[in-house]
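S.K.: Test case, fold it:
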Amino acid sequence: MRVTRLTEGQIEEASGLLRRAFFDYPVWTWLASDERQRRDVMPWFMGMSLRYGMLAGEAHGAGDPLLGVAIWDPPGHLDSDFDPDGTKTGWNEMPQRMGAEFTARFDAMIETQRPVRARVSRGAPIWYLPWLGVEPAAQRTGAGSALLRTMFARTDASGVPCMLETENAANVPYYERHGFVVAESGTLPLGGPGFWTMRREAQAV
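M.R.: Model prediction:
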């Protein structure tokens, strides 16, 4: 399956895919428990995340039309001040668009997971995968695996590991099949779901 870098013109298509892929995801039903709110706010949030990925890292798509989307943060980006006031990507609009309860839970999630990521990265360069979503109707077609393999070809060649988080226990075996192992786990505050932070070492080419 062909994997390419996403363009500005694909943001609407890609954000719609991510909304459908994550609509009933545990962290999203916690962040925005009302289905109507999720339908309203997720397209903007996903579009903003895609723009962030395009500016600060990489955003990839599998298939045409899109069947899967991945957003990657490059080594060193987790500790950077790329967009301190949020104006480059639109993060500064989140409280107004998402509401106070969503924003408070989102901030609590970030503060809980940030030190875990720091420990799992071990202070060394690492690629971080904040988003990997597949069109629900295209599950098990290989779109997610194609997106992962495309990046692994580069990370393995350069000797740089990868890490990610999932808030869905069912995803852990999937990522384990792709070489990730659970490095740490925990539970999000304010009644949030569990999460698993996973790391994949670079493989010998």
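S.K.: Let's test this: name the helix or strand in this protein with the lowest mean pLDDT.
M.R.: helix 94-98 (a mean of 90; mean pLDDT, DSSP states H and E).
S.K.: Skip ahead from that helix and say which helix or strand is next.
M.R.: As assigned by DSSP states H and E, the chain's next helix or strand after helix 94-98 is helix 100-121.
S.K.: and that following helix, which residues are buried?
M.R.: Neighbour-count burial for helix 100-121, with 16 or more other CB atoms under 10 Å as criterion, is recorded at 102, 105-106, 109, 112-113, 116-117, 120-121. Where C-beta positions appear, they are placed from N, C-alpha and C, glycine not excepted.
S.K.: can you redo those residues as CSV with pLDDT and distance to Ala70?
M.R.: Listed next are the buried residues of helix 100-121 as CSV, based on pLDDT from 0 to 100; distance: CB to CB, whole Å:
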residue, pLDDT, distance to Ala70
Phe102, 94, 24
Arg105, 96, 24
Phe106, 95, 21
Met109, 97, 20
Thr112, 98, 23
Gln113, 97, 19
Val116, 97, 21
Arg117, 96, 18
Val120, 97, 19
Ser121, 96, 19
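S.K.: Any chance of the residues you listed in CSV with distance to Thr87 as columns?
M.R.: Shown next, in CSV, are these (distance: CB to CB, whole Å):
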residue, distance to Thr87
Phe102, 20
Arg105, 23
Phe106, 18
Met109, 22
Thr112, 26
Gln113, 24
Val116, 28
Arg117, 24
Val120, 30
Ser121, 27
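S.K.: Relative to Asp73, which of those is nearest.
M.R.: Nearest to Asp73 among the buried residues of helix 100-121, counting by CB to CB, is Arg117 at 9.9 Å.
S.K.: Now do the contacts for Met198.
M.R.: Counting by CB atoms under 8 Å, 6 or more residues apart in numbering, Met198 makes contact with 163-166, 172, 175-176, 180-183.
S.K.: 6 Å instead, please
M.R.: 164, 175, 180, 182 (CB atoms under 6 Å, 6 or more residues apart in numbering).
S.K.: All set, thanks.
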